[in-house]
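> My questions are about this predicted structure, shown below with the sequence.
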Amino acid sequence: MVHAVYPGSFDPLHNGHVDIIRRAAGIYGSLTVAVLDNPLKAGALLSTQERVAIIQDVVAGMKDVKVDSFDGLLAEYAGQIGAKVIVKGLRAISDFEYELQMAHLNRQLNPNVETTFIMTATRWSYVSSSRVKEIAKYGADVSKLVPRATLHKLKERFAQATV
Ligand code: PNS
């Protein structure tokens with residue numbers, strides 16, 4: 001049974017991420033969605049705990065999918081949790097150069113872990129967490145782009161900001 005890890009910032013989780021989680025869960029025996037614990041990242045909106053909680057809500061009905069957070073190197077973390085595969089989503093050619101570099105470096109750091117790519121469904125290929133945050137910040141509707149748990153958190157966060 002192959003254990004895979006799907007790492008990311010997920011700040012916040014959007015429908016493109018959910019699509020990759022579902023499809024990866026259908027391929028691998030078990031899947032850990034791993035949130036990078038990066039409290040100091042510029043432009044971060046949600047805490048690690050908030051991001052984990054949203055993903056937990058979304059994967060609640062999915063068999064053999066769990067959620068975790070990590071800091072440090074992904075290649076080391078994958079080894080620690082016994083993951084043989086790193087799953088990444090590719091939206092467009094523009095993602096590829098960065099992902100190729102990461103895949104090579106991760107393989108050098110841990111040759112026992114392979115990076116695999118799932119092409120994001122075309123209907124979500126234009127969605128990114130940064131754009132979701134930007135649109136939500138201005139009070140516009142992102143309900144077609146994100147799961148309910150994300151929408152709820154965004155409404156709560158930006159309602160607070162305008163009080
Ligand atoms: O959703 P993102 O921001 O594209 O996810 C990026 C992530 C978390 C996968 C990447 O930043 C990462 O793996 N960070 C952990 C540190 C690390 O291993 N860096 C790579 C060294 S080659």
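Structure received. Please read these numbers as outputs of a predicted model, since none were measured by experiment.
> Where do the strands of this structure begin and end?
Secondary structure of the chain by DSSP state E: the strands cover 3-8, 30-36, 65-70, 85-90, 114-119.
> Who is the nearest residue to F117 once chain neighbours are set aside paired with across the strands?
Spatial nearest neighbour of F117, excluding adjacent residues (CB to CB, 6 or more residues apart in numbering): L90 at 4.8 Å. C-betas here are computed from N, CA, C, even on glycine. For L90, the beta-bridge partners under DSSP bridges are M119.
> re earlier: which of the strands of the chain is buried the deepest?
strand 30-36 (a mean of 23; mean count of other CB atoms under 10 Å).
> That one packs against which elements?
strand 3-8, helix 15-27, helix 48-59, strand 65-70, helix 74-80 (3 or more CB pairs under 8 Å, 6 or more residues apart in numbering; DSSP states H and E).
> one step back: in a markdown table: the strands of the chain, plus distance to the ligand and mean pLDDT.
Converted to a markdown table, these look like this (distance: least, CB to the nearest ligand atom, whole Å; pLDDT from 0 to 100):
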| stretch | distance to the ligand | mean pLDDT |
| --- | --- | --- |
| strand 3-8 | 3 | 98 |
| strand 30-36 | 4 | 98 |
| strand 65-70 | 7 | 98 |
| strand 85-90 | 7 | 98 |
| strand 114-119 | 10 | 98 |
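> Done for today, thanks.
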